[in-house]
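# next input, structure requested:
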Amino acid sequence: MQDSNWQIIPASAIDEVKWNHCINQSIQPSIYAQSFYLNALCANWLAFVYKDYEAVIPVPFKKKWSFQYCYQPPFIQQLGLFAANINEDLLKGINHVIKHFNYGDLYIPYPQLPKELKKCKAILKDNFELHLHNGYAFIQQNYSGDLIRNLEKAQKHNLVLAEDLHPQVVLEAFYRLYGNTMNLSRQHTNTFLQLLLKTEMQNKFLVLGVHNTNQRLVSGGIFLMHESSVYNIIHFVNEEGRKQSAGHFLIDQCIRKVAGNSKIFDFEGSSLPGVQSFYKNFHPKHSPYWHIHINQLPIPLRWLKQ
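Below you'll find the model as predicted:
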């Protein structure tokens with residue numbers, strides 16, 4: 001690495017106190033970048049560290065053949081550059097990451113993109129965030145007419161919020177419904193479950209479910225909580241639940257529980273029009289992020305990986 005202010009440190013060798021302090025003091029603190037969270041979900045990750053942990057960039061990676069490639073593990077939406085103040089010099093750290101890896105994908109917050117982005121493609125992805133500091137009554141006033149009608153439908157079906165579910169119940173239902181389409185394995189969900197059961201995650205997540213009048217679980221979600229944000233990390237709605245607007249009821253009830261805490265509800269985004277339309281019913285702010293695709297492989301392999 002040409003810039004002597006940046007160094008690459010294996011995850012096992014970082015100063016975890018300084019690392020987590022940098023994450024928590026950054027302008028965009030994230031539970032995904034906490035060392036315990038990364039260690040639990042990533043078999044390998046590198047730390048790009050600026051000076052004495054004034055800025056950091058965590059990068060999960062895998063090895064294939066003779067090279068490393070960066071990737072985004074399940075249950076981590078985005079990472080990027082973390083610092084109390086971000087300027088163009090610090091953003092050059094992204095180029096150091098790109099130079100280090102021959103291939104892979106980075107997902108970083110908007111507008112964290114250096115002016116000169118080298119040898120890669122950058123695509124804006126959609127994400128939505130709802131500000132919670134004004135309280136539930138204010139948030140509810142901005143609900144769309146479609147959302148209000150769906151909440152009235154849920155009320156007519158006498159749906160009940162369940163707050164005593166074990167996370168494994170929700171993860172299992174989520175996996176059965178979406179595992180194949182989201183390319184999730186049992187190992188992925190089991191690893192995430194083990195993370196949730198760690199002492200570091202105490203009081204850092206909510207597990208909510210929705211039962212219908214037959215006591216069947218028709219919707220559920222796991223919502224991470226850290227510093228300024230509540231993360232809609234997973235939620236599911238089965239066919240019966242869709243007919244009863246259980247998904248609308250679930251998210252509304254979660255917002256009701258966490259509103260007024262000067263936090264942000266992060267919907268986690270989606271490229272699916274139907275999901276985007278559902279999120280927009282809550283009148284969130286559009287908060288996009290970058291997907292950077294790196295391909296610096298030798299030409300024959302580069303063509304295969306296009």
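
# mind checking what secondary structure the residue nearest the centre of the chain has?
In the chain, the residue lying closest to the centroid (CA atoms, centre = their mean) is residue 77, at 3.1 Å. The three-state label for residue 77, taken from DSSP: H, G, I helix; E, B strand; the rest coil, comes out as coil.

# now it: phi and psi?
phi -80, psi -50 (degrees, to the nearest 10).

# and the gap between it and residue 126?
Distance, residue 77 to residue 126, using CB to CB, to the nearest Å: 12 Å. Where you see a C-beta, it was placed from the backbone N, CA and C, and this is true even at glycine.

# who touches both of those two?
Residues touching both residue 77 and residue 126 (CB atoms under 8 Å, 6 or more residues apart in numbering): residue 269.

# can you pull out the helices in the stretch 101-250 of the chain?
Along the stretch 101-250 of the chain, the segments classed as helices by DSSP state H, counting those that start in this stretch run 136-141, 145-156, 167-178, 186-196, 239-243, 246-258.

# before we move on, the earlier item: tell me the pLDDT at the residue nearest to the centre of the chain?
pLDDT recorded at residue 77 is 94.

# so of the helices of the stretch 101-250 of the chain, which one's packed in deepest?
Mean neighbour count, computed with mean count of other CB atoms under 10 Å, is highest for helix 246-258 among those, reaching a mean of 22.

# pretty sure residue 29 is touching residue 227, no?
Yes. Using CB atoms under 8 Å, residue 29 is in contact with residue 227, at 4.5 Å.

# related to what we said a few turns ago, so what's the residue nearest to the centre of the chain up against?
For residue 77, the contact set (CB under 8 Å, 6+ apart) comprises 32, 107, 127, 231, 266, 268, 269, 289.

# low-confidence stretches in the protein?
Applying pLDDT under 70 to the chain flags residues 1-2, 299-306.

# tell me how it divides into domains.
Structural domains assigned to the chain are 6-126+288-304, 128-286, following automatic domain parsing.

# please enumerate residues in contact with the helix or strand hosting residue 61?
Remark: residue 61 resides in strand 55-64, with elements defined by DSSP states H and E. Here strand 55-64 makes contact (CB under 8 Å, 6+ apart) with 19, 22-23, 33, 38, 41-50, 68-73, 76, 79-83, 86, 90, 93-94, 97, 101, 104, 106.

# assign a three-state SS to residue 43, would you?
Under three-state DSSP, residue 43 falls in the coil class.

# neighbours of it, just the number please.
Residue neighbour count, defined by other CB atoms under 10 Å, stands at 12 for residue 43.

# which residues does the residue nearest to it when sequence neighbours are not counted bridge with?
What sits nearest to residue 43 in space, not counting adjacent residues and going by CB to CB, 6 or more residues apart in numbering, is residue 62, at 7.6 Å. Counting by DSSP bridges, residue 62 is bridged to residue 69.

# please report how far residue 62 lies from residue 294.
Distance of residue 62 to residue 294, computed by CB to CB: 13 Å.

# which one's more surrounded, those two?
Set side by side, residue 62 and residue 294 show more neighbours around residue 294, with 21 against 14, by other CB under 10 Å.

# which phi and psi does the more buried one have?
phi -110, psi 130.

# tell me the contacts of it?
Applying CB under 8 Å, 6+ apart to residue 294 gives the contacts 70, 98, 101, 102, 103, 104, 105, 106, 119, 120.

# same list, those, but as a markdown table with neighbour count and distance to residue 191 please.
As requested, the contacts of residue 294 are exported to a markdown table (neighbours: other CB atoms under 10 Å; distance: CB to CB, whole Å):
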| residue | neighbour count | distance to residue 191 |
| --- | --- | --- |
| 70 | 23 | 19 |
| 98 | 20 | 28 |
| 101 | 21 | 23 |
| 102 | 20 | 26 |
| 103 | 19 | 24 |
| 104 | 24 | 20 |
| 105 | 15 | 20 |
| 106 | 25 | 21 |
| 119 | 11 | 32 |
| 120 | 19 | 29 |
